[in-house]
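**Q** 3D, please:
(chains A, B, C and D)
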Protein chains: 2
Amino acid sequence: MSAQALKGHLDGMLLAALDDGPRHGYAVMEALRVGSGGRFDLPTGTIYPALRRLERAGFVHATWSEEGGRRRRVYELTPSGRRMLDAERHAWREFSAAVTALLGPHQRPVTP
Amino acid sequence: MSAQALKGHLDGMLLAALDDGPRHGYAVMEALRVGSGGRFDLPTGTIYPALRRLERAGFVHATWSEEGGRRRRVYELTPSGRRMLDAERHAWREFSAAVTALLGPHQRPVTP
DNA sequence: TTACTACATGTAGCTTTACTACCTATGCGC
DNA sequence: GCGCATAGGTAGTAAAGCTACATGTAGTAA
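**A** So this is what the prediction gives:
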């Protein structure tokens, strides 16, 4: 995966990871790793600043929670964040359709 | 379309635009615009530096041509560029599959 | 003949954003 | 004790597309 490929697409995936319910940062990280089949094994230096950015933008709301001596910062979608997620999903469909069209029909045949 | 969405995906599309044959920069720009249904109406400040980058990297070969008082810089895929195009197409399929999976199946139904 | 548009190429500086590298801390198994 | 998974975080860097600007030709509309 190219170094820059994620640019501008991470926020949508983070919001989507919170769509089923609140999660803390580390769990979001895991969700991206597992949900992408291991392709998005993102470093903490990517995840935490990104979540903080979404919080500042008002798309998620964060609360501290303590469980078994472990402090966790739990993130939850705000109504604004939910609207943003919708917008991101739509933008992704537009974007991916356009790129797929431009990259051309040169697919490797499934079964020769 | 988000400001950063294109990052890392432009090179593949530029190379793909040269797959049918040599084109000059302005024609490549047009090809992206038309081929994306108007979604990628990229400024010259994006296209020309990107083509130059691909040239420096050895993926395209450029020659000047004069036609009707118009100087054009015509770009052509090199063998290395063709391999790169293959790699970009493969990377895009991987990437888009992963993002689509993570954004979830929350598609709006076609006919309610 | 003036002005505007499409064609055609290019650069300097800005901004955003993910990544690298580093730090702190707890709980558990060996 | 030691290492690993879990859990959170920051400072600084690099990449790459965008904005705004500059240059010039050809054709057309006023």
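**Q** contact residues of chain A facing DNA strand D?
**A** Within reach of DNA strand D by C-beta under 7 Å from any atom of the strand, chain A has these residues: A:2-4, A:24-27, A:44-45, A:48-49, A:51-52, A:70-74. (C-beta placed from N, C-alpha, C; glycine too.)
**Q** the helix or strand hosting A:Leu51 near DNA strand C anywhere?
**A** For A:Leu51, the element it lies in under DSSP states H and E is helix A:44-56. Yes. Using C-beta under 7 Å from any atom of the strand, helix A:44-56 comes into contact with DNA strand C via A:44-46, A:49-50, A:53.
**Q** which among these end up buried?
**A** A:Ala50 (16 or more other C-beta atoms under 10 Å in any protein chain shown).
**Q** from the residues of helix A:44-56 next to DNA strand C, which two are the most distant?
**A** Greatest spacing in the residues of helix A:44-56 next to DNA strand C, by C-beta to C-beta: A:Thr44 and A:Arg53 (14.4 Å).
**Q** chain A: helices as residue ranges?
**A** Counting by DSSP state H, chain A has helices at residues A:10-17, A:25-35, A:44-56, A:79-103.
**Q** give me the contact list for the first one.
**A** When contacts are taken as C-beta atoms under 8 Å, 6 or more residues apart in numbering or on different chains, the neighbours of helix A:10-17 outside the stretch itself are A:23, A:28, A:31-32, A:35, A:40, A:42, A:46-47, A:50-51, A:53-54, A:59-60, A:77, A:81, A:84-85, A:88-89, A:91-92, B:99, B:102-104.
**Q** flag every buried residue along it.
**A** Buried residues in helix A:10-17, defined by neighbour count with 16+ other C-beta under 10 Å: A:10-17.
**Q** ok, now stretch A:28-45?
**A** Using 16+ other C-beta under 10 Å as the test for burial, stretch A:28-45 gives A:28-29, A:31-32, A:35-36, A:39-40, A:42.
**Q** now check it, is it near chain B?
**A** Yes. On the criterion C-beta under 8 Å from any C-beta of the partner chain, stretch A:28-45 is in touch with chain B at A:31-32, A:35-37, A:39-40.
**Q** closest one of those to DNA strand C?
**A** A:Phe40 (7.7 Å; C-beta to the nearest atom of the strand).
**Q** look up how far B:Val74 lies from the closest one.
**A** From A:Phe40 across to B:Val74, the span is 39 Å (C-beta to C-beta, to the nearest Å).
**Q** cool, and A:Arg52?
**A** Counting by C-beta to C-beta, the gap from A:Arg52 to B:Val74 is 47 Å.
**Q** A:Gly35 too?
**A** As judged by C-beta to C-beta, A:Gly35 and B:Val74 stand 44 Å apart.
**Q** pick out the residue nearest the middle of chain A.
**A** Nearest residue to the geometric centre of chain A (C-alpha atoms, centre = their mean): A:Met13, 1.9 Å.
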